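# All I have is the shape, not the residue letters:
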């Protein structure tokens, strides 16, 4: 229930971003102050038929109002015959071809919301996406999902989407701080980045929703230390992944608090999917790394690690503990043996 409520708050936050300046503090969720410009009726409406010609241009050339041009295009009866012929003649001479589907397309686009999902094998995102789509529907938005590989550039993909369908806004499930720093300035629609909050990102049309990854990891590893473990392995993503970097720092914090040293030889590199975690765990065990407990940076990594350890008949491989500090995102987990 709490997870579902957070999804609704994400969509509610996006909904507010489209209309006003919002400053909101939500329990367990970090938000930013957002200033978003909305389109006005005075902006140019470029019709696909002639990229350089608009109905405003036809209105100026014919000496008629924009509303009159619109009525002629839609074959409305409330236009005098001579005026209609004048407008049609101007359209023929200029080569202007109106898109008869433009009005309906504009209506559809005005309520479309794109979900950019980074990581096709991320089980957490699957559940999260279902709840987000449900919330979006209740707010009157139509959801469009774009799935990306975990190593893909989500900003490049978003720019392509904006060129093709011009949605009302975008919600990113996963992302890279570096990618956002380099290219998000080109994204002009209201956007929400979920599962990641970073002080390094400061854009007027971007809000972020996530958990304190460092604190969550510190709590998880502290739990293992309190259980008497001193040799703790870690499975997680590369340093280029902001959540992975923060979770690794949290693990180091917990070890330093207990007077322990973080051992790089006990760090296994894994993507946030079952298969990658399974192979990372097997790699740790194959090189005979000595550890009595393992901190997995997400549940799905923990499940892959348990399978790998179980196949090698590692004692206690099935004992899984969730971190109590994990209230959202991919919950850090601990595996003991």
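Okay, I see it. Worth saying up front: this structure is predicted, and the values here are computed from it rather than measured. Numbers count the residues shown, from 1 in each chain.

# Quick check: residue 68 touching residue 83?
Yes: between residue 68 and residue 83 there is a contact at 6.6 Å, judged by C-beta atoms under 8 Å. Every residue, glycine included, has its C-beta placed from N, CA and C.

# Compare the two and say which one has the larger neighbour count.
Neighbour totals were compared for residue 68 and residue 83, and residue 68 leads with 22 against 15 (other C-beta atoms under 10 Å).

# Need the three-state assignment for that one.
helix (DSSP: H, G, I helix; E, B strand; the rest coil).

# give the contact list for it.
59, 79, 83, 87 (C-beta atoms under 8 Å, 6 or more residues apart in numbering).

# Pull out the buried members of those residues.
Applying 16 or more other C-beta atoms under 10 Å to these, the neighbour count classes 59, 79, 87 as buried.

# how far away is the last one from residue 54?
Put plainly, it is residue 87. Separation of residue 87 from residue 54 (C-beta to C-beta, to the nearest Å): 14 Å.

# shaky segments in the chain?
Applying pLDDT under 70 to the chain picks out residues 1-52, 95, 97-110, 122-123, 313-337.

# Helices of that one, start to end?
Taking DSSP state H as the criterion, the chain carries its helices at 2-17, 55-62, 66-73, 81-94, 102-110, 123-138, 154-165, 177-183, 213-226, 242-257, 274-286, 299-311.

# Redo these as JSON lines? Include distance to residue 197.
JSON lines is the format used below for those (distance: least, C-beta to C-beta, whole Å):
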{"stretch": "helix 2-17", "distance to residue 197": "13"}
{"stretch": "helix 55-62", "distance to residue 197": "42"}
{"stretch": "helix 66-73", "distance to residue 197": "44"}
{"stretch": "helix 81-94", "distance to residue 197": "51"}
{"stretch": "helix 102-110", "distance to residue 197": "29"}
{"stretch": "helix 123-138", "distance to residue 197": "16"}
{"stretch": "helix 154-165", "distance to residue 197": "16"}
{"stretch": "helix 177-183", "distance to residue 197": "10"}
{"stretch": "helix 213-226", "distance to residue 197": "9"}
{"stretch": "helix 242-257", "distance to residue 197": "9"}
{"stretch": "helix 274-286", "distance to residue 197": "24"}
{"stretch": "helix 299-311", "distance to residue 197": "20"}
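
# Any chance of the contacts of residue 68 in CSV with distance to residue 296 as columns?
Listed next are the contacts of residue 68 as CSV, based on distance: C-beta to C-beta, whole Å:
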residue, distance to residue 296
59, 63
79, 68
83, 71
87, 67
